[in-house]
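Chemist: When you get a sec, could you give me coordinates for this:
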Amino acid sequence: MTKFDEATQAIRVDETTYDVCLDPGYGIGGPLNGGYLMAVMLRAAVDASPYEHPVSTATQFLRAVPPGPARVRLEPLKTGRTAAMTRATLVQDGTAYVEALITTATLGDGPGDWAGEVPVQMPPVEECLPLPAPRPESNMTLSTRIDLRFDPPTVGWYTGTPSGRPESRAYFRMAEPQDPDPFVLALAIDALPPVVFSAGARGWAPTVELTWHLRALPAPGWLRVLGHGRLIRDGWFDEDVEVWDSAGNLVAQSRQLARLGRG
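Modeler: Alright, predicted model coming up:
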């Protein structure tokens, strides 16, 4: 079992209750990363489902989640011949922190009937850039658990030269040796810095709602994570993300609505 598998482990208490321990190693300046929290909740939902894969997840982040013991409570909504729907709630000390509607199904491993091309071509991974390690006092612990290599035009914000467009692109893999799976994809879909950084914004930009779809089981190797936004207005922004695997398959898609950060 990898560290990520351990950090997202959900231990069954009964048919609708799972104990979890939220790992401080997936923090963004203190609060835990939303993709990590989704992966934890998906472990419980998949374990309780007759189907193997979380194909659709719609998540409401009610409040910032601290590390520590918690529970995932499940409410089965429907189980059909091809899919099951479940409401999942992440709870700490009797308070709900995250709500999700999760659809599980079983995907095959054959080729798709049709797929478009990667919307933006990236340079080879060896020509992409890692960001410098954050200062220890920043509590950006997530950066020690994942390996991101950024397309150079999308990290000008780090040196004070943002591109002016809400975009972010990077290669992604876990810091420890681990092939990607649906739970790793839940983390990857929310691993990029907010796309508004490239538009000149700074500061914590909390996600309010994130919906993502698992489209195929990923091949081993680097993932390409491509993010962009369409509108920044009234203190809100959107972010669309696609994840492509090393074999050129579109394996995950997401859209989130977030608050504009204040630097």
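Chemist: what secondary structure does residue 158 sit in?
Modeler: helix (DSSP: H, G, I helix; E, B strand; the rest coil).
Chemist: For it, which non-adjacent residue is closest in space?
Modeler: residue 131 (6.2 Å; C-beta to C-beta, 6 or more residues apart in numbering). (Glycine included, C-beta is placed from N, CA and C.)
Chemist: Test my guess that residue 191 contacts residue 33.
Modeler: Yes - using C-beta atoms under 8 Å, residue 191 makes contact with residue 33 at a distance of 7.4 Å.
Chemist: Next, residue 40: phi, psi?
Modeler: phi -60, psi -50 (degrees, to the nearest 10).
Chemist: follow-up on the earlier one: for the residue nearest to residue 158, pull up the helix or strand it's in.
Modeler: Assigned by DSSP states H and E, residue 131 belongs to neither a helix nor a strand.
Chemist: Tell me the spacing between it and residue 168.
Modeler: 11 Å (C-beta to C-beta, to the nearest Å).
Chemist: Now the common contact residues for the two.
Modeler: 150, 155 (C-beta atoms under 8 Å, 6 or more residues apart in numbering).
Chemist: Can you show me the helices along this protein?
Modeler: 3-7, 34-48, 182-188 (DSSP state H).
Chemist: and residue 64, which of those helices is closest to it?
Modeler: With C-beta to C-beta as the criterion, residue 64 lies closest to helix 34-48 of the helices of the chain, at 9.9 Å.
Chemist: So for the closest one, mean pLDDT?
Modeler: Here helix 34-48 scores 98 as its mean pLDDT.
Chemist: Could you list the low-pLDDT ranges of the stretch 1-150 of the chain?
Modeler: 137 (pLDDT under 70).
Chemist: ok, for residue 260, nearest residue in space, not its chain neighbours?
Modeler: residue 235 (4.8 Å).
Chemist: go on, residue 143?
Modeler: Nearest to residue 143 is residue 134, by C-beta to C-beta, 6+ apart, at 5.8 Å.
Chemist: And the one you found, its phi and psi?
Modeler: Torsion angles, degrees, to the nearest 10, at residue 134: phi -70, psi 160.
Chemist: Was I right to think it contacts residue 144?
Modeler: No - assessed by C-beta under 8 Å, residue 134 is found out of contact with residue 144, at 9.0 Å.
Chemist: Counting neighbours, what do you get for residue 242?
Modeler: Neighbour count of residue 242, defined by other C-beta atoms under 10 Å: 21.
Chemist: which residues touch the residue nearest to residue 149 when sequence neighbours are not counted?
Modeler: Leaving aside its chain neighbours, residue 149 sits nearest to residue 128 (3.8 Å; criterion: C-beta to C-beta, 6+ apart). Neighbouring residues of residue 128 by C-beta under 8 Å, 6+ apart: 122, 149, 150, 151, 152, 170, 171.
Chemist: State the distance from the third one to residue 84.
Modeler: Plainly put, residue 150 is 37 Å away from residue 84 if you go by C-beta to C-beta.
Chemist: one step back: who has more neighbours, residue 131 and residue 168?
Modeler: Neighbours of residue 131 and residue 168, each counted by other C-beta under 10 Å, are more numerous for residue 168; the result is 27 against 14.
Chemist: wait, isn't that one in contact with residue 193?
Modeler: Yes - counting by C-beta under 8 Å, residue 168 does reach residue 193; the two are 5.7 Å apart.
Chemist: Can you check which residues contact both of residue 191 and residue 33?
Modeler: Joint contacts of residue 191 and residue 33 (C-beta under 8 Å, 6+ apart) are residue 142.
Chemist: Name the residue in those two with the higher neighbour count.
Modeler: residue 191 (25 against 21).
Chemist: how about that one, what does it touch?
Modeler: By C-beta under 8 Å, 6+ apart, the neighbours of residue 191 are 33, 35, 142, 146, 148, 170, 172, 225.
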